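*Asks:* Can you look at this prediction? I've put the sequence above it.
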Amino acid sequence: MTIKTVLLAGAAAAFMTAAPAMAQETTPAPAAAPAAAASSQQSLSLNPGSSVAGPDGELGKLEGVQSNAEGKQELTVRGADGQLRAVPLSGIRQEGTGVVVAYTKAEFDAAAPIPGAPPAPAAAPAPAPTSDPMAEPTTEPTDPATTEPTTPAPAPAPEAATPAPTEPQ
């Protein structure tokens with residue numbers, strides 16, 4: 001019976017000495033968790049009107065943030081076509097005054113517009129063309145400081161009376 005005890009004690013000692021080495025090989029996951037927690041706590045400055053870009057270019061201008069049907073937050077971005085679309089927050093980071101997300105331009109263009117979203121703000125109206133075709137064309141105002149002074153054209157000299165040709169006598 002003592003032989004069995006000695007063998008079992010030896011096996012237990014072997015496992016105990018090997019356990020710390022095995023534990024060190026499998027611990028990289030907890031080391032990555034604090035880094036992920038630190039990056040998730042960084043603060044972002046999300047200002048309406050700031051640029052939102054993906055890995056392959058600008059998506060549009062930020063309008064706000066909303067919660068989707070799953071309860072996750074997402075950005076609302078107005079694209080160049082004037083449509084308001086939702087952009088997931090995955091891979092979000094601050095770059096200057098703009099925001100960069102891991103959402104490509106192709107994904108953004110393929111996404112459905114947000115139903116019931118307000119239309120894009122209207123651009124400044126262009127001046128309406130005149131309906132009178134005989135109207136005088138308008139000239140651009142000029143800044144007198146940047147133009148050279150013009151001198152009036154000299155008045156035409158009165159024509160001198162030319163003597164009538166005389167016939168030789």
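*Replies:* Here it is on my side, so go on. These numbers were taken from a predicted model, which means no experiment stands behind them. Numbering: from 1, shown residues only.
*Asks:* Let me know the pLDDT of E95.
*Replies:* For E95, the model assigns a pLDDT of 88.
*Asks:* what's the neighbour count on it?
*Replies:* 9 (other CB atoms under 10 Å). (Each C-beta comes from the backbone N, C-alpha and C, glycine too.)
*Asks:* Kindly report the same for A53.
*Replies:* There are 16 residues near A53, going by other CB under 10 Å.
*Asks:* which non-adjacent residue is nearest I114?
*Replies:* L84 (4.8 Å; CB to CB, 6 or more residues apart in numbering).
*Asks:* Might you report the residue contacts of that neighbour?
*Replies:* L84 makes contact with E63, T76, V77, R78, P113, I114, A117, P118, A120, according to CB atoms under 8 Å, 6 or more residues apart in numbering.
*Asks:* buried subset of those?
*Replies:* For the contacts of L84, a neighbour count by 16 or more other CB atoms under 10 Å gives the buried set as E63, T76, V77, R78, I114.
*Asks:* circling back to that earlier point, what residues are bridge-paired with the residue nearest to I114?
*Replies:* With DSSP bridges as the criterion, L84 is bridged to R78.
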